[in-house]
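Enquirer: Compute the structure for the input listed below.
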Amino acid sequence: MKEIVYHVATSLDGFIAHSDGSIDGFAMDGPHLPDYLNALKNYAVAIMGRKTYEFGYSYGLQPGQNPYPNMETYVFSSSLQMPEDGLDGPPEIHTVREDFIPRILELKKSAKGPIYLCGGGQFAGLLMQEALVDRLILKLNPVTFGSGLPLWGTESGTINHWKVMHQKVYENGVMLLEYSRL
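Expert: Numbers count the residues shown, from 1 in each chain. The predicted model follows:
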């Protein structure tokens, strides 16, 4: 079974975005960026929820376009609107509209490499409740938001224990923290 890696930026107070979904305040460039871009090359599959996918629209992503062309990409949403034909034909992504957990289990069995859980908090919380997140890589930014979208969404009640596997501090104050599930 391939592992699901929740690889995400977070504030010191545990938010992955502001309440409106914006990410102002996170270090968008700096010495941590090359490590992140290199890490993306190691994933075979990307999974995300609708809000994370649609967040890319404000950065030029077109509906149906794959934000990670080197990965097979799945968007889990019962409400995502996708054109029948995208940029140059059918959408470049897979949309999963129901039976999320069985589909995730299928991906864990069939993926050719690690699975990148790139968001968002609600979707990550669902997978955490089902004990499907195997590794956690946090890009801990030296900023507090006070409120916003929590790392695990509104899902709560599940206690998980993690072991620190790696840590790195960058000159700009960003810390890379890698954990594996115990």
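
Enquirer: Going by C-alpha atoms from here, please, whenever you check contacts or count neighbours.
Expert: OK.

Enquirer: can you give me the helices in this structure?
Expert: Per DSSP state H, the chain has helices spanning 33-40, 50-55, 100-110, 121-129. These are given in chain order.

Enquirer: Buried residues, the shortest one. List them.
Expert: When burial is assessed from 16 or more other Cα atoms under 10 Å, helix 50-55 yields the following buried residues: Arg50, Lys51, Thr52, Tyr53, Glu54.

Enquirer: from those, which is closest to Gly14?
Expert: Thr52 (17.1 Å; Cα to Cα).

Enquirer: The closest one: what's it in contact with?
Expert: Contacts were defined as Cα atoms under 8 Å, 6 or more residues apart in numbering; by that measure Thr52 touches Cys118, Gly119, Gly120.

Enquirer: what do you get for Glu171?
Expert: Pro31 are the contacts of Glu171 under Cα under 8 Å, 6+ apart.

Enquirer: For the residue nearest the centre of the chain, list the residues it contacts.
Expert: Compute the mean C-alpha point of the chain, and by Cα atoms, centre = their mean the closest residue is Cys118, 1.2 Å away. Going by Cα under 8 Å, 6+ apart, Cys118 touches Tyr6, His7, Val8, Ala46, Ile47, Met48, Thr52.

Enquirer: Just put the residues you listed in TSV and tack on distance to Phe76.
Expert: Converted to TSV, the contacts of Cys118 look like this (distance: Cα to Cα, whole Å):
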residue	distance to Phe76
Tyr6	15
His7	17
Val8	17
Ala46	11
Ile47	7
Met48	6
Thr52	10
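
Enquirer: Please check those residues and keep the buried ones.
Expert: Applying 16+ other Cα under 10 Å to these flags Tyr6, His7, Val8, Ala46, Ile47, Met48, Thr52 as buried.

Enquirer: got a markdown table for those, with pLDDT and distance to Lys163 too?
Expert: Below are those laid out as a markdown table (pLDDT from 0 to 100; distance: Cα to Cα, whole Å):
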| residue | pLDDT | distance to Lys163 |
| --- | --- | --- |
| Tyr6 | 97 | 15 |
| His7 | 97 | 16 |
| Val8 | 97 | 17 |
| Ala46 | 98 | 24 |
| Ile47 | 98 | 23 |
| Met48 | 97 | 24 |
| Thr52 | 95 | 27 |
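
Enquirer: between those residues, which is nearest Asn160?
Expert: The shortest gap between Asn160 and any of the buried ones among the contacts of Cys118 belongs to Tyr6, at 13.9 Å (Cα to Cα).

Enquirer: what's across from that closest one in the sheet?
Expert: As for beta bridges, Tyr6 partners with Leu117, Leu136 under DSSP bridges.

Enquirer: who's in contact with it?
Expert: By Cα under 8 Å, 6+ apart, the residues touching Tyr6 are Tyr116, Leu117, Cys118, Gly119, Ala124, Val133, Arg135, Leu136, Ile137, Leu138.
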